[in-house]
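Participant: Got a predicted structure plus its sequence, pasted below:
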Amino acid sequence: MKTTSFNVKLDPKVKREAQRAAEDLGFSLSTYVNASLKQLIRKRSVHFTTGFTMTPYLEDIIAEVEIDHRRGRYAGPFSTIKEMDEHLDSL
């Protein structure tokens, strides 16, 4: 397949994070950009979302908290900051 270069100015942090995200999903940033451009050509539309998708790491943390909550292992709610501080100091 014949290819061409496409230069885009990006924030270096955005580029690094996008490369990591693409690699985590098993493909290169170049592959992602090509797929996105092909979709733009086919659909003649762009879809952005501000929706939140939990990462597996966050899902694991929430699952642990839910287990602790069901077992009664949680603190609060606290009526005052002093009450919260006392609890934290006791840990």
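Facilitator: Received the coordinates, thanks.

Participant: Look at the residue nearest the centre of the chain and report its pLDDT.
Facilitator: Taking Cα atoms, centre = their mean, the centroid of the chain lies closest to Thr55, which sits 5.6 Å from it. Thr55 carries a pLDDT score of 88 in this model.

Participant: go on, Ala75?
Facilitator: 80.

Participant: what's the closest non-adjacent residue to it?
Facilitator: Of all residues not flanking Ala75 in the chain, His87 sits nearest, at 5.4 Å (Cβ to Cβ, 6 or more residues apart in numbering). Every residue, glycine included, has its C-beta placed from N, CA and C.

Participant: Surely the one you found is in contact with Thr80?
Facilitator: No: using Cβ atoms under 8 Å as the test, His87 is too far from Thr80 to be in contact (10.8 Å).

Participant: So which of the two has more stuff around it?
Facilitator: Shown here are His87 and Thr80; by other Cβ atoms under 10 Å, His87 has more neighbours (12 against 8).

Participant: what helix or strand is that one on?
Facilitator: Following DSSP states H and E, one finds His87 within helix 81-90.

Participant: Break this structure into its domains for me.
Facilitator: 12-43, 56-90 (automatic domain parsing).

Participant: Contacts for stretch 69-76 next, please.
Facilitator: Here stretch 69-76 makes contact (Cβ atoms under 8 Å, 6 or more residues apart in numbering) with Val65, Asp68, Met84, His87.

Participant: quick one: the helices in the protein?
Facilitator: 12-24, 29-43, 56-70, 81-90 (DSSP state H).

Participant: Make TSV from those helices and add distance to Met1 to it.
Facilitator: Shown next, in TSV, are these (distance: least, Cβ to Cβ, whole Å):
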stretch	distance to Met1
helix 12-24	19
helix 29-43	10
helix 56-70	34
helix 81-90	60
